[in-house]
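1. Got a predicted structure plus its sequence, pasted below:
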Amino acid sequence: MSEPDLFSSAPGPELRVAELWRQLQHHNHLYYSQAEPEISDADYDTLYRELETIEKSHPHLIHPNSPTQRVGSVPNPAFAQVSHPVPMLSIDDVFELKGAEVPEAELITFYERLQKNLGRKDIAVTLEPKIDGVAVSLFYENGSLEYAATRGDGTIGDDVTQNVRTIRQIPLTLPSAHAPGILEVRGEIFMPISAFAQMNEEREEAGHPAFANPRNATAGTLKQLDSRIVATRPLAFLAHGIGAYKGEPLKTEIDFHQLLDRLAIPRNQPTRIADNLAELLEGIHFFRNHRADIDNATDGVVIKILDRSEREKLGSTSRAPRWAAAYKFLPEQQETTLKAITVQVGRTGVLTPVAELEPVLISGSTVSRATLHNQDEITKKDIRIGDRVLVEKAGEIIPAIVRVISHLPAAVPFSLFDFVHGKCPSCHAPVTKEVGFVAWRCSNFECPAQATTSITHFSARKALDIDSMGEIVAEALVRHRHATSPLDLFSLTEETLANLNLGNEDSPRRFGEKNAAKVMASLHLARSKPLNKWLFAMGIRHLGESAANELSRLHQRLSDIPTSSLLTELLRDTRADAKKKNPVLVPYRITGDVGPAVAESILTFFQSEAGHHALSRLAELGIDPISNNHAPFYADSPALPLNGKTFVITGTLSQHRDHFKELIEKNGGLTTGSISKKTDYLLAGNAAGSKLDKASQLGVTVLTEPDFDYLLATYK
Ligand code: IVH
């Protein structure tokens, strides 16, 4: 039964409600499925509002399948599971062959197998578009939608009834005169290409991330637990199959189509019948020529045996029926002009060249850009600005340039490096390319285009070990503009972190108080992490862990590095060396971990705008990381008395503290301001206070001034 017959026995609002259901369903179908409305929007609204009004004063008459219930309702806590009465199978693909004399050879083989199995030459089949959407099953009992489920693993799927009810093309009730006792309709939910494009435009305008393609957008939408969000998305449905069924026998696919039409369930179109192989091949040509006319993503044609009793004879494998095949077209190609090349800076700082094309229609959508991947790709295909090129759109993949058809007479080869003048288009820092790699990258640790990666690297265990700060969190921080560089982490409040949305606005996922507290605690610890960790964390090119350790051995604190004479000399030395004259000898012994490339990279970084910015941010934050292995003069044999020893000075000494500080540093030691377990000595003068207590607590050796003199004197 379509209209709720429990109402029809009693006079009063029930009868009117049933009538309104029927009328609204009818106009809904004309409007959404047929695009042929019979009444004006205003008249529709009047009917709709009348039903709403009755329902308001008689809440017991509100049924989940009422036309007023399509706007979505309270979120599901989770999806219930539905076990399919008949398994939802897949279809075997047959591929169009590239460059073959008979591109349909695989399809012919499929047809020949049907001939062999059925023992005759001519087998009638239907052809229809293969929709690239998400498969669903709609279960109607006595004309009322009982549930809608996704395919899942084919046996058990998710109950997505609340979401599916919002799709206006799907009838919630079927006309009672034709409704079978049980009808399980199968079909695809998808987004029409035009509606998808418009939705993405609106999302981008509103600052929401765009969806990659209609299929992803559809799958993501159906997974929403909040059906009110689903109601705002332009989902559509087309039926193409049947599962459980109790009703008039359906001899052929055409009988099934007629049933769907009587029930006003929208079905996949156009359908063609082919009585023999020749007609089948002709049908394939027809669909190939009309691919662009269909407003949903299709990647082929589904071929099914017309006669349903013959299907049963052939049966199915555990995966797919033997009576059907999906013929997959080769990706469509079109010729167009490459107007310009632009460069995008990706999340990891990689510069990606993008072809700006004269817009061209391919597989039903307009293509105006195509990725050129990298310089090697451009060189290999000899792609130049102004070229006529062949563009291909393969399924969901981003359009690509297959090959160049012709160059403009004056066109010159494209060089990515020259094009960007060696600078990142996003932040103008120098671009670099590692030996053996094809991609140019931005060298800037604070480049906004690569903020996520910098923050993730900064927070890694080997770097500053910020708890819970992985890529997803970093990405969310950047997306919500809470951080554009790693040092911004230090300005975050615990509240901002706790409220951070790791999901999207449709399915939000809070970072939460617990995680926020963990991040705050590790940020606090990070402030006093040693120099080598900080240097590594900053993600400066060529600065790996061992180079960071070596630099930390050679310098006392971070603020010494930008003006490091050692690094300047190292650089000067090699440059002079390269010219083979006036070699300057580096007066330090440096391990191979720090060479001229590292020196250059570091000095360049600290001289760059980003480097200056990082230094001043660190100064503001009161962070100046200290070496924990400072021993500048000799790499391997500690010949200085205080090599690698850490001192804290306290109390009143015979001379100014700076005197002792200098003395310590001259002898290879290091002074810090506060005592920790890593402190080797506390040099304590008179009236030493809390530091003395702390030292004894931590077991740090306390030296009086005479002890200190003795230590230095006896070393030699
Ligand atoms: S008929 C037993 N017809 O493609 C399977 N399926 O790749 C018979 N699909 O699971 C299905 N368009 O979800 C059929 N015109 C069409 C289709 C179609 C898309 C989906 C369907 C199937 C999947 C297999």
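-> Perfect, I can see it now. Predicted model, so just to flag it, every value in this text is computed and none were measured.

2. and the residue of the stretch 601-716 of the chain found nearest the ligand, backbone torsions?
-> Residue nearest to the ligand within the stretch 601-716 of the chain: Ala610 (49.3 Å; Cβ to the nearest ligand atom). Bear in mind the C-beta positions are built from the backbone N, C-alpha and C, glycine included. With angles defined as degrees, to the nearest 10, Ala610 sits at phi -60, psi -40.

3. Distance check, it against Phe536.
-> According to Cβ to Cβ, to the nearest Å, Ala610 stands 17 Å off from Phe536.

4. With neighbour numbers in mind, choose between those two.
-> Phe536 (24 against 21; other Cβ atoms under 10 Å).

5. so the more buried one touches Lys462, yeah?
-> Yes: counting by Cβ atoms under 8 Å, Phe536 touches Lys462, with 6.6 Å between them.

6. quick one, what contacts the closest residue to Asp226 other than its chain neighbours?
-> Sequence neighbours aside, Pro75 is the residue nearest to Asp226 in space, at 4.1 Å (criterion: Cβ to Cβ, 6 or more residues apart in numbering). Contacts for Pro75 (Cβ atoms under 8 Å, 6 or more residues apart in numbering) come out as 225-228.

7. pLDDT score assigned to Pro75?
-> The model reports Pro75 with a pLDDT of 80.

8. I'd guess it is in a strand, am I close?
-> No: going by DSSP: H, G, I helix; E, B strand; the rest coil, the assignment for Pro75 is coil, not a strand.

9. So the nearest residue to Gly470 once chain neighbours are set aside: helix, strand or coil?
-> Leaving aside its sequence neighbours, Gly470 sits nearest to Thr456 (Cβ to Cβ, 6+ apart; 6.6 Å). Secondary structure state of Thr456, per three-state DSSP, is helix.

10. Would you check how far apart Thr456 and the ligand are?
-> Plainly put, Thr456 is 37 Å away from the ligand if you go by Cβ to the nearest ligand atom, to the nearest Å.

11. So what's the residue count around that residue?
-> 22.

12. related to what we said a few turns ago, you'd agree the residue of the stretch 601-716 of the chain closest to the ligand is up against Pro448?
-> No: if you go by Cβ under 8 Å, Ala610 and Pro448 don't touch, sitting 10.2 Å apart.

13. which neighbours do the two share?
-> 427, 485.

14. in the protein, what secondary structure element scores lowest on mean pLDDT?
-> helix 565-579 (a mean of 68; mean pLDDT, DSSP states H and E).

15. So in the protein, which strand runs the longest?
-> Longest among the strand segments of the chain by residue count, using DSSP state E, is strand 332-345.

16. can you pull the buried residues of that one?
-> 332-334, 336-338, 341, 343, 345 (16 or more other Cβ atoms under 10 Å).

17. partner strands of the helix or strand just after it, parallel or antiparallel?
-> Counting by DSSP states H and E, the next helix or strand C-terminal to strand 332-345 is strand 351-362. Here strand 351-362 has these sheet partners by DSSP bridges: strand 332-345 (antiparallel), strand 365-371 (antiparallel).

18. Nearest to Pro413, out of these?
-> Closest to Pro413 of the strands paired with strand 351-362 is strand 332-345 (Cβ to Cβ; 11.4 Å).

19. Kindly provide the distance from Lys691 to Thr679.
-> For Lys691, the distance to Thr679 - Cβ to Cβ - is 10 Å.

20. what touches both of those two?
-> Contacts common to Lys691 and Thr679, judged by Cβ under 8 Å, 6+ apart, are Val648.

21. what residues does the stretch 51-200 of the chain put near the ligand?
-> Counting by Cβ under 6 Å from any ligand atom, the residues of the stretch 51-200 of the chain close to the ligand are 89-91, 128, 130-131, 135, 188.

22. hmm, 5 Å instead?
-> Applying Cβ under 5 Å from any ligand atom, we find that the stretch 51-200 of the chain lies next to the ligand at 89-91, 128, 130-131, 135.
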